[in-house]
Every structure is written in C-alpha cells, then in structure tokens.
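A.B. asks: what would the 3D arrangement of this be:
(2 chains)
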There are 2 protein chains.
Amino acid sequence: MKHFDFEEERVKQEILRLGAKRVLIQLPEGLKPEAPYLAKIIEKLGILPIVSADPCYGACHLATAEAESLGVDLTIHYGHSKLLKYERVPTIYVEARATINVDDAVEKALPMLEKWRKIGLTTTVQHVQTLDDVREILLRAGKTVVIGDAGRLNYPGQVVGCDYSNAKSVAKDVEAFLFIGGGQFHALGVALSTSKPTVVVDLFEKRAYSIDKEAERIIKQRWASIEEAKTAKIFAVLVGLKPGQKKLEEALNVKKRLEGDGKTAYLFVAREITPELLLEFPTVDAYVNTACPRVSLDDALRFPKPVLMVNEALVVVGELSWEELCKKGFFEN
Amino acid sequence: MKHFDFEEERVKQEILRLGAKRVLIQLPEGLKPEAPYLAKIIEKLGILPIVSADPCYGACHLATAEAESLGVDLTIHYGHSKLLKYERVPTIYVEARATINVDDAVEKALPMLEKWRKIGLTTTVQHVQTLDDVREILLRAGKTVVIGDAGRLNYPGQVVGCDYSNAKSVAKDVEAFLFIGGGQFHALGVALSTSKPTVVVDLFEKRAYSIDKEAERIIKQRWASIEEAKTAKIFAVLVGLKPGQKKLEEALNVKKRLEGDGKTAYLFVAREITPELLLEFPTVDAYVNTACPRVSLDDALRFPKPVLMVNEALVVVGELSWEELCKKGFFEN
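C.D. replies: Residues are numbered from 1 along each chain as shown, chains lettered A, B, ... in the order given. Now for the predicted structure:
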C-alpha cells in the first residue's frame, strides 16, 4: 500500500481550512485496507472520521447520501478523479497516484509491440503522471506515440471503467494500445471500445501481456447474452441509485422500446446489482442495466439471466445490428 | 405464493385516492417473486410501478431514499407492519396476511407441549389473525394461554426480527412459548429473548419442532465471539443507513466505551453488512454492529471476524457480565 500517495498533508490542510468537524472517508476496494490508517490521521486532528465500508468502484459512487445522512461536512474520496459536475457535500478527491517506477515493466512490453509502429497510450488516474516517461521509452524504441484527449475526463490518456473516449478519439491513428496500470479491468475496456490490439503493462506484477484473447472471449459471451435475451418475454430494466449512475429517463426509454418490440418490461431499482438480487425474480427472463455497464460485463458469468447493457438492448429490439454495436462500442451512448 | 393476501383492491383504491403517478413497490425476500405480478396490476391503472430489488428484511428497511430519489409519490411496502413513526413519502403497508389454515399444524405441536401448562403465544404479522384459533385449540387441550402486549408493536403476540417485547412481557407467566409462522428466524429470537422452551408451528411445512437446540448452539457461538473480541485491539463500530437502523449516537457511545477500555475504535458506515465487506479491512480485529442485530446473529459463521451486537460489546468492556447479558437479552437496549 505504500505504492500510493495519499496526500496526507493536503488532506489535513483542507480539513482545517474548511473547519470540518465530521469527515467521511470513501475508498475503492483496492485501497480499503488503508482506511484505519487514514482515519487515524484525521482523528489526531480532533475531528471525527467515518469510513464508508460499502462497495466503491468509481467516482460515480460518491457517497453523497451517506454524507448527508450522517451530517458530515466533508467527504474525502480516494482513488478516483472528480467525475460529477458538483457535489452536494464538500468533497476532496485524493487521486492516490502510484509512486511506483514504470521503466522495467514498460521495457518488458516492447517485444510485444514489435509488429506495430503507432502506439496509443492509456492509463488510469493513478498513473497519468507516468505517461511522459512511457512516451520517452517508446520513442527511443522507434515508435510513434499518440495520447488522446476527448475532453470528457480529467487527464489526456486517462480512462475510467465506463469511459474510453480518450482512447477512441485516437483509435484511427494508432495500430495498437498500451495500457499502463494494474489488472485487466481497464485494459479490457480499451480493447472492447477501440477494437485494437491492446497490451497491458502491469506495474504491480511487473509484467506485460496482451488482453486480446480475453476481449475476444468477452465479445463471444456478449453475443450469446444478446441472443438469449432475444427469446426473452419478460424484461426488467435496472435503474441505479448512485449519484453518477441514476439514469431513470434512459430506463424509461429502454422500457418503451422493449414494449414496442412486443416484450413486457418492468423498472427495477437497485443500489448494488448482484447475482443474489436477481435470483429473487425467477419469472424475469432478462435484464437491461442502465446503471454501471461494467457490472453487466464483468459479472456476466455469475448472473442467472442475461444482464444487457443499453446498447445491447438496442440489438435485441432490432434498432442496431451486432456489427454496428461492435463498432459503436458497448459503453458509449 | 397464493398463500398471502396482497389486498389488490385496497391498493388500487389508495393509489387512485392519492392520485399517485409513480409508485415504488418494496417486498421482503420471500415475496419478491410476486413483484412482476403486483407491478402489472398497477401498470394496468396507467400508473408507473418501480420495483425495489434491493434486499429488504423489515419495515426498518423502508425505501425512503429510493422513493425520494426517483420522484415517487407513493411507496407500497409489502410483508411488514408499520414501524417508523412517520414516512417522508406516503406509504401503504400491505401486511400480506397468510390465508393458510393453522389447525393441523397446531395439533401436531400439542404432544411437544405435554410437559407444560402455561403457554405463551407469539407470531409474525402474517399470522396474527390466527392467534384466536390457536388459543382455542390450546384451551381445548387443557392449556392456559397468554398473549403478551408490551405496546411497542402493532398487534398483541406479534414479534419482529429484533423486537420480542411482547414475548418478554409475559415470559415470567408462562412455561413455554409456541411460535406460529414459518422457519426458525423469529422463533429463535423468542427463545433467545425469553430463555424459555420454544416450539415452532411451521404452517408452510405443516410440522412442529423445538427450536431449543438451535438456540443453545447460537448462545455458545455468541459466547465464543465475545471471548474472541475481548482479545481484539482494533474495532470498527458499524453504523447502518436504513431509516429504522441508523443509530449514530449509539455508535459514538460504543466507540467511547471501547476507547475507555483501551481499545482503538473507528466508525464505519454500511448499507448492507456482508462478509465480503468486512474482508476488505484485514487490520480490523472485531466489529460492533449498531444496525440490524440479526445480521450479527444469523450470519455469524460467514463473517471473518466477530461482529458483536451492542449489548455484547458491553460484556467486552466489562460493563455487563455474560449472565446479565443472557438475562437482559441480546437485542434489547
């Protein structure tokens, strides 16, 4: 955990500047083990820290309702950059930048990029500060480097779980993408959104690998889910409740389109969409998920029924072809 | 599912009387499969139904925040009686009374009550209307029947997951309790709260059995959890967020008492307290749960660390002895 910069000094200064008496700490799953350490720092200032233990996978999960309900004057949200336009409770974002060196891991990726010259660079907010170094290494290896900026996220080259606009904006200019980070989650999003070969530089495991086989597997699995949903009669359209995930109008729209296609469709609202939740509704044949699209994608094998993303539902009702979906992308409206 | 009265006609009349345009349907886990059927009835009136898919185990879970967030004008809460003093969004409670006959199952319980003459009767809201019939059967069998009413719940003899005040109020007057309902959950609460032999009449399985062995097992397990927590150094005090479960002041009080006993204690807030949630905090040695006490009790074996109820924490800090706890009860303040 010492791989991340928790900006203790800035946090302290901000708390004192705002005169906060009660502070909510929110961390994504990977950083949660640090909660007691971070709470202790705040408590030492004579201020009450409260840790949000609920799942958190993005700044779209901002614990606004919790903060209001607990009478908190400040939320400190770790591990993500600002996403919502404004927060109902004052909020500090601590991006938890990684303090890990990238050189060795990037060198390991070079042989995998042999076939291509034009490389697109992508990463999460934890590693945006490394992109200049990575670019240097690639330039020295004779590559052309492109870092996209579509203007929707906070940093050039940045991706978040459901937004690959920066990668897409340069996809036509590159032969392959290099993703700098940890794990498959974001790299998979890059591959699916751009249909380009994508290599992961995993800084924590200090290795590099292609994500393309996994992306292929996922695409096949999406196709199967859509085909299964085409035969479904009763749908539930899932509406999320988290600040950046609530899309009631979109859900109403999907319901109407399904009904127009002769299906029965109900609106279901859920905070966390889990396999256990859906098991309670045996008469529902398929779901359309208007909340976090990654839940549909990453938990697919655990769900008892197809849980489609919105664009996939358009294929079911015949408004989009499978090929158009693959071109448009699974996440983007 | 046809065993329950969903009061379709009253629901329709109330919706029309209130002029509701958008209605939230909330059902406990056992009744959730009926959600599409109940939604359909509302949709036929030209009104938009939205089904809450999140877990619901009591009227303390009332989906107030969801209703407000979705701009709903009416919540229909099924399967529980009114618990909160007032609701921020207009709410109808449909108690889902069982329409099942009790005679055969009660007759099966009579041989198990042979040793005792004075019998206390308890049940859930689904079956309160059967208590007169059950009393008759017991009287004919030569028993004295006592039905407690401590004035906290809606019906004499009624129990809910965390409130056995009606049973406790007559415990000294009876030799054993008969619980009318389904499953072990509430009967276990009766046995633990009263320390009296308790026989379950399971109307759905049409059989009767003693819950005493299970209660003994649970008590041993609670003792072990408390002993384990005594050696813990770092505690997290869990605060709930559901309308009838949020006890921030009580949590602050527990934190102070733990600290007074030389422990380190942090406040954690959580909507659903699950084993997966607690696995994220490896440095926390034990938890005190101020939200739903049944989570501590019923999920104990699935939690990686002790998750004590508030009264149990008082044993850890030496303010209550184990014997006093057993006498006072696990749930009651």
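A.B. asks: can you list the low-confidence ranges for the stretch 201-333 of chain A?
C.D. replies: A:333 (pLDDT under 70).
A.B. asks: any residues of it in contact with chain B? List them.
C.D. replies: Neighbours of chain B within the stretch 201-333 of chain A, by Cβ under 8 Å from any Cβ of the partner chain: A:234, A:236, A:238-239, A:241, A:246, A:248, A:252, A:264, A:266-273, A:277-278, A:280-284. C-beta: built from backbone N, CA, C; applies to glycine.
A.B. asks: change it to 7 Å
C.D. replies: A:234, A:241, A:246, A:248, A:266-271, A:277, A:280-284 (Cβ under 7 Å from any Cβ of the partner chain).
A.B. asks: ok, which residues in the stretch 1-150 of chain A are in contact with chain B?
C.D. replies: Residues of the stretch 1-150 of chain A lying near chain B (Cβ under 7 Å from any Cβ): A:29, A:32-33, A:35-36, A:39, A:50-54, A:65-66, A:69-70.
A.B. asks: pull the number of nearby residues for A:Thr64.
C.D. replies: Per other Cβ atoms under 10 Å in any protein chain shown, the neighbour tally for A:Thr64 reads 18.
A.B. asks: how near is it to A:Val269?
C.D. replies: In this view, A:Thr64 and A:Val269 are 17 Å apart by Cβ to Cβ, to the nearest Å.
A.B. asks: how about A:Ala150?
C.D. replies: Distance from A:Ala150 to A:Val269, by Cβ to Cβ: 31 Å.
A.B. asks: A:Lys255 now?
C.D. replies: In terms of Cβ to Cβ, A:Lys255 sits 13 Å off from A:Val269.
A.B. asks: go on, A:Phe179?
C.D. replies: 34 Å.
A.B. asks: can you count the residues close to the nearest residue to A:Glu319 once chain neighbours are set aside?
C.D. replies: Nearest residue to A:Glu319 in three dimensions, chain neighbours excluded: A:Arg257, at 7.0 Å (Cβ to Cβ, 6 or more residues apart in numbering or on different chains). Here the number of neighbours of A:Arg257 (other Cβ under 10 Å) works out to 20.
A.B. asks: next, A:Arg257: phi, psi?
C.D. replies: phi -70, psi -40 (degrees, to the nearest 10).
A.B. asks: might one say that it is in contact with A:Gly318?
C.D. replies: No - taking Cβ atoms under 7 Å as the definition, A:Arg257 is not a contact partner of A:Gly318, at 9.6 Å.
A.B. asks: so which residues of the stretch 201-333 of chain A form helices?
C.D. replies: A:212-230, A:248-260, A:275-279, A:293-298, A:310-316, A:322-328 (DSSP state H, counting those that start in this stretch).
A.B. asks: let me know the pLDDT of A:Val125.
C.D. replies: Looking at A:Val125, its pLDDT reads 97.
A.B. asks: looking at it, it is touching A:Ser81, isn't it?
C.D. replies: Yes - with contacts counted by Cβ under 7 Å, A:Val125 reaches A:Ser81, the gap being 4.5 Å.
A.B. asks: out of those two, which sits in the more crowded spot?
C.D. replies: Counted by other Cβ under 10 Å, A:Val125 and A:Ser81 do not tie: A:Val125 has more neighbours, with 23 against 19.
A.B. asks: ok, the more buried one to B:Pro55 distance?
C.D. replies: On the measure of Cβ to Cβ, A:Val125 and B:Pro55 end up 32 Å apart.
A.B. asks: ignoring the adjacent residues along the chain, who's closest to A:Arg294?
C.D. replies: Nearest non-adjacent residue to A:Arg294 (Cβ to Cβ, 6+ apart): A:Gly161, at 4.8 Å.
A.B. asks: A:Val106: how many residues sit nearby?
C.D. replies: Neighbours of A:Val106 using other Cβ under 10 Å come to 23.
A.B. asks: just the C-alphas of the host helix or strand of it, formatted as PDB.
C.D. replies: Taking DSSP states H and E as the criterion, A:Val106 maps to helix A:103-109. Output of helix A:103-109 as PDB, limited to C-alpha atoms (Å, rounded to 0.1, in the frame of the first residue of the first chain):
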ATOM      1  CA  ASP A 103      10.600   1.700 -16.700                       C
ATOM      2  CA  ASP A 104      11.200  -2.100 -16.200                       C
ATOM      3  CA  ALA A 105       7.600  -3.100 -16.800                       C
ATOM      4  CA  VAL A 106       7.400  -0.900 -20.000                       C
ATOM      5  CA  GLU A 107      10.700  -2.400 -21.300                       C
ATOM      6  CA  LYS A 108       9.100  -5.800 -21.000                       C
ATOM      7  CA  ALA A 109       6.200  -4.700 -23.200                       C
END
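A.B. asks: tell me which other helices or strands it touches.
C.D. replies: Contacts defined by 3 or more Cβ pairs under 7 Å, 6 or more residues apart in numbering or on different chains; DSSP states H and E place helix A:103-109 against helix A:131-140, strand A:198-202, strand A:207-210.
A.B. asks: for it, buried residues please.
C.D. replies: A:Ala105, A:Val106, A:Lys108, A:Ala109 (16 or more other Cβ atoms under 10 Å in any protein chain shown).
A.B. asks: any idea which helix or strand comes after that helix?
C.D. replies: strand A:118-123.
A.B. asks: that following strand packs against which elements?
C.D. replies: Using 3+ Cβ pairs under 7 Å, 6+ apart: strand A:118-123 touches helix A:131-140, strand A:144-146, helix A:165-168, strand A:176-181.
A.B. asks: residue contacts, the nearest residue to A:Cys56 once chain neighbours are set aside?
C.D. replies: Nearest residue to A:Cys56 in three dimensions, chain neighbours excluded: A:Pro28, at 5.0 Å (Cβ to Cβ, 6+ apart). If you count contacts by Cβ atoms under 7 Å, 6 or more residues apart in numbering or on different chains, A:Pro28 has them with A:Cys56, A:Tyr57, A:Gly79, A:His80.
A.B. asks: what's the burial count for the first one?
C.D. replies: Yep, that's A:Cys56 we're talking about. Other residues close to A:Cys56 by other Cβ under 10 Å number 23.
A.B. asks: what of the last one?
C.D. replies: Here the neighbour count serves as a burial measure; for A:His80 (other Cβ under 10 Å) it reads 26.
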